[in-house]
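Chemist: no sequence for this one, just the structure:
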């Protein structure tokens, strides 16, 4: 956990230092809102939404808060058992864009998880628990501050908590593919 805090502190420090070059202060037109759509299908099935609100600190760094609502399903490969998870949570994110079309980023999440096991169409077990996750990855998209954005990314949970929704029943990482659409808030008086 100390490594996670250190990593996010380092990313926040880099973002702050890059932002120090821009002395204009808060600009509401750098605020963006949007949502990501998660899809995963390697060792099971993942479907989710990730509403977010963020701020473009400068031309290289975006930071903000994201929430998530996810559904996970995995069939046991040796029986008729189905493992299902419904997750909701949220936390901060950061994206660093070294070029207008590529980014690296991270998102810390703290998730509340409802877990069930279904065997022969009968629910045999139910549990509720929580788990932290740190999704790290990269992606491709369009980024021009002030315009609508679209990006696609792949991320994995590097914390690998046993209860993480991004780790399957067998302890394997579940890569998360996310497509995100965001829109900047604009001053209506200025028009388009």
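Modeler: Sure thing, it's come through. If you're wondering where the values come from, they're calculated on a predicted model, not measured in any experiment. Numbers count the residues shown, from 1 in each chain.

Chemist: the strands in the chain, which residues?
Modeler: Secondary structure of the chain by DSSP state E: the strands cover 31-40, 45-56, 61-75, 81-99, 102-119, 122-142, 149-157, 176-184.

Chemist: got a markdown table for those strands, with distance to residue 167 and mean pLDDT too?
Modeler: C-betas here are computed from N, CA, C, even on glycine. Output for those, formatted as a markdown table (distance: least, CB to CB, whole Å; pLDDT from 0 to 100):
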| stretch | distance to residue 167 | mean pLDDT |
| --- | --- | --- |
| strand 31-40 | 12 | 88 |
| strand 45-56 | 12 | 92 |
| strand 61-75 | 10 | 92 |
| strand 81-99 | 10 | 93 |
| strand 102-119 | 11 | 94 |
| strand 122-142 | 9 | 93 |
| strand 149-157 | 7 | 93 |
| strand 176-184 | 11 | 90 |
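
Chemist: Just tell me which of the ones you listed ends up closest to residue 168.
Modeler: Nearest to residue 168 among these is strand 61-75 (5.7 Å), distances taken as CB to CB.

Chemist: So which bits of the closest one are buried?
Modeler: 61, 62, 63, 64, 66, 68, 70, 72, 74 (16 or more other CB atoms under 10 Å).

Chemist: And for stretch 126-145?
Modeler: 131, 132, 133, 134, 135, 137, 139, 141, 143, 145.

Chemist: how far is it from where the chain is centred?
Modeler: Computed by CA atoms, centre = their mean, to the nearest Å, the chain-centroid distance of stretch 126-145 equals 2 Å.
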